[in-house]
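Visitor: quick one, what's the 3D model for this:
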Amino acid sequence: MKVNNIIIVGGGTSGWMTATTFIRLFPKKKITLIESPNIKTVGVGESTIVQFRQWLSLVRIKDEDFMKHCDASYKFTIRFTNFNKIDSGRVEYPFSKPEPIDDNRLNLWYFKKILHPETPNTDYADSFYPIMAMVNNNKVYKGKELGNFNFKTDTAFQFDATKFGLWLRDNICLPKVNHIKSNVKDIKINDEGIESLSLDNGDVIIGDLFIDCTGFKSLLLGKAMGEEFISYNDIIPNNKAWATHVNYTNKKKQLIGVTNATALKNGWVWNIPLWSKIGTGYVYSDKYTTDKKALVEFKKHLKKQKFNITEHSFINIKMRIGIHRKLFVKNVVAIGLSAGFIEPLESNGLYTVHEFLSYLTRMFERDNISQWDRDVYNYACRNTFNNWAEFVSMHYALGERDDTEYWRDNLNRNYDKEIYD
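Guide: This next block holds a predicted model:
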């Protein structure tokens, strides 16, 4: 299959990241992005991990290019609060490498914890990661000398994902991308995959490759091509979220380079400090609580944090947890939520977008895409997704909370999942 005419269906962050990738790497290819004028993007994937920097480098985007336009702040660590037990405090997960640790030094720390069990869990990161001196003092350091810390590789971003998608559209993609605002009314299928798309504005769109960026509904891969979806709710407990933004009450103290995850009775709350506001949301399972009760619990948590929530709206999101068995079928490939989603823990939403795009673009170095290319792509994506899903599931499996049915079930869940059956 030769690919010169690429059709992207769906905008949002994944759609415009896809368009940006192809515009930057393959400027001679024709790119069309079809976006419904009626669908609002989810806009809650506002935190990244360090691999996002690799994608920025790939498409030649610098920090100063986009940050001020996307309400962005820097991120140095992920913090987990009360995941082990109620009131157990926090655990830090810094992005940088630890200082070289010999066995004697490590053993001394373990003996310290055994002899002094009141030693906070944060002491481990504080002892072995120089970056924590910066985090604990809420500073940003861009120099080259801070142990193993490297600013260009060991930092990530917290930003408004919706604004980031719009920035990519206006500053990278247009007018190079043919941007069509219309709804897909009909999809014509043949033996090669999708033959054409009929839009409600009367246009009929044909192409060589169709990229599905339509979110959880997966209009092309799931609905049109009928590709099987594999649920991961057997190892990932959550399927719903309440999301909102709150204003700073003390910006100097609250605007920190940390994404915080705080465990509650039936899930956990994310706290993402953007430049002008804080993105926050409650991830939970409707198996253990109702939407109404979850919202009450979420608001109670926000009030406890001294946030004024009377003026803020709350969005309820139904999450589709899992991945399609194949992500590249005939001439259709899915990127973003249309391909699969684990859950927001560990900031992995945009991770699969740029990683899957990286796998996809590698095959375009060949003149013809074969079934071997599709098979390799599908394996690579499923393997990456499964590894990250298992990593996320460990946050529930290795905790010791047993105060609610939700946490007790996580302790007793079978986490052995076979994905290559």
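
Visitor: please identify the buried residues of stretch 104-122?
Guide: Residues 121, 122 are the ones in stretch 104-122 that count as buried (16 or more other C-beta atoms under 10 Å). Quick note: C-beta positions are derived from backbone N, CA and C, even for glycine.

Visitor: which residues touch that stretch?
Guide: In this structure, residues lying in contact with stretch 104-122 by C-beta atoms under 8 Å, 6 or more residues apart in numbering are 84, 88, 89, 90, 91, 92, 123, 124, 127, 128, 132.

Visitor: how about low-confidence regions in the protein?
Guide: For the chain, the stretches flagged by pLDDT under 70 are 41-45, 103, 144-145, 311, 417-421.

Visitor: find the centremost residue of it, please.
Guide: Note on the chain: the residue nearest the mean C-alpha position is residue 349, at 1.7 Å, using C-alpha atoms, centre = their mean.

Visitor: just checking, that residue touches residue 341?
Guide: Yes. In this structure, residue 349 is within contact of residue 341 by C-beta atoms under 8 Å, at 6.8 Å.

Visitor: picking up where we left off before, ok, the residue nearest to the centre of the chain to residue 93 distance?
Guide: 17 Å (C-beta to C-beta, to the nearest Å).

Visitor: what do you get for residue 234?
Guide: 25 Å.

Visitor: next one: residue 36
Guide: Residue 36 sits 37 Å away from residue 93, going by C-beta to C-beta.

Visitor: excluding chain neighbours, what is closest to residue 272?
Guide: Nearest residue to residue 272, sequence neighbours excluded (C-beta to C-beta, 6 or more residues apart in numbering): residue 279, at 4.1 Å.

Visitor: who touches that neighbour in this structure?
Guide: With contact set as C-beta under 8 Å, 6+ apart, residue 279 has these partners: 44, 46, 47, 158, 160, 243, 245, 270, 271, 272.

Visitor: need those in JSON lines (columns: neighbour count and distance to residue 356).
Guide: Listed next are the contacts of residue 279 as JSON lines, based on neighbours: other C-beta atoms under 10 Å; distance: C-beta to C-beta, whole Å:
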{"residue": "44", "neighbour count": "24", "distance to residue 356": "20"}
{"residue": "46", "neighbour count": "32", "distance to residue 356": "20"}
{"residue": "47", "neighbour count": "29", "distance to residue 356": "18"}
{"residue": "158", "neighbour count": "26", "distance to residue 356": "22"}
{"residue": "160", "neighbour count": "25", "distance to residue 356": "22"}
{"residue": "243", "neighbour count": "21", "distance to residue 356": "24"}
{"residue": "245", "neighbour count": "21", "distance to residue 356": "28"}
{"residue": "270", "neighbour count": "23", "distance to residue 356": "23"}
{"residue": "271", "neighbour count": "24", "distance to residue 356": "27"}
{"residue": "272", "neighbour count": "25", "distance to residue 356": "23"}
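
Visitor: helix/strand/coil for residue 295?
Guide: Here residue 295 is recorded as helix under DSSP: H, G, I helix; E, B strand; the rest coil.

Visitor: surely it meets residue 314?
Guide: Yes. Using C-beta under 8 Å, residue 295 is in contact with residue 314, at 6.3 Å.

Visitor: what is in contact with the two at once?
Guide: Common neighbours of residue 295 and residue 314 (C-beta under 8 Å, 6+ apart) are residue 242.

Visitor: next one: phi and psi at residue 16?
Guide: Note on residue 16: its backbone torsions stand at phi -80, psi -30 [degrees, to the nearest 10].

Visitor: that one and residue 180, how far apart?
Guide: Counting by C-beta to C-beta, the gap from residue 16 to residue 180 is 14 Å.

Visitor: got it, and residue 238?
Guide: In this structure, residue 238 and residue 180 are 35 Å apart, going by C-beta to C-beta.

Visitor: looking at these two, which is more packed in?
Guide: Higher neighbour count among residue 238 and residue 180: residue 238, with 25 against 17, using other C-beta atoms under 10 Å.
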